[in-house]
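Engineer: Give me coordinates for this.
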Amino acid sequence: MTDTNRPAVIGVVTASDRASAGVYKDESGPAIEAYLTAVLTTPFRIERRIIPDGLESVRDTLIDLADNAGCDLVVTTGGTGPSPRDLTPEATLAACPRELPGFGELMRQVSLSQTPTAILSRQVAAHRGKCLVINLPGKPAAIELCLNAVMPAVPYCLDLIGAAHIDTDPARVEAFRPKK
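Structural biologist: From the prediction side, this is the model:
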């Protein structure tokens, strides 16, 4: 059951060779943090990582955040396209044995309303024990669009997997929980 006695720990991971090398400033990770700060009403703290693209780097970071940092939720950005270094979905599934395909399906569906290249996106969501991992695209506008689409289901999903309890500001995003 849900752990209501502690603040949530949320990992924010940017997978980018160039951002991790300091070639350009990461804008996607801060966009995720700003979104969570605006939408969540319960206490939480962020565990932030900027890492290179690649299967091992992403997989190992997700395992570390779930198993050692105690994250309830990890939101990744980057590495979901079709280029050879875009391996975030594969790394997520290597770290998290239980896929939740509805998340990726919904994110692609809402993204298609804005861009035809959304069909190239390969976001997935899965969980490792009590940690839900959601892959997002790399552009800040797409991040907000996708989070707005899936966030209504995130609090209840965390409840079901035994993670920390989170609530949202219903004026921004109304979380769905079945009536008792």
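
Engineer: Can you give me the buried ones in the helix or strand hosting Ala141?
Structural biologist: Per DSSP states H and E: Ala141 is located in helix 140-150. Within helix 140-150, the residues that count as buried by 16 or more other CB atoms under 10 Å are 140, 142-147, 149-150. For glycine as for every other residue, the C-beta is placed from the backbone atoms N, C-alpha and C.

Engineer: closest to Gln123 among those?
Structural biologist: Cys146 (7.2 Å; CB to CB).

Engineer: sorry, back to before: output the buried residues of helix 140-150 in a markdown table; the columns should cover pLDDT and distance to Thr117.
Structural biologist: Below are the buried residues of helix 140-150 laid out as a markdown table (pLDDT from 0 to 100; distance: CB to CB, whole Å):
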| residue | pLDDT | distance to Thr117 |
| --- | --- | --- |
| Pro140 | 93 | 16 |
| Ala142 | 95 | 10 |
| Ile143 | 96 | 16 |
| Glu144 | 96 | 17 |
| Leu145 | 97 | 14 |
| Cys146 | 98 | 14 |
| Leu147 | 98 | 19 |
| Ala149 | 98 | 17 |
| Val150 | 98 | 20 |
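
Engineer: which of the residues you listed lies closest to Cys131?
Structural biologist: Among those, and counting by CB to CB, the member closest to Cys131 is Val150, at 15.8 Å.

Engineer: Make sure the closest one is actually in contact with Leu100.
Structural biologist: No: in this structure Val150 lies outside contact range of Leu100 using CB atoms under 8 Å: 9.7 Å.

Engineer: I'd like to know how far the closest residue to Ala91 other than its chain neighbours sits from Val173.
Structural biologist: Excluding its sequence neighbours, the residue lying closest to Ala91 (CB to CB, 6 or more residues apart in numbering) is Val58, at 3.4 Å. Relative to Val173, Val58 is positioned 26 Å away (CB to CB, to the nearest Å).
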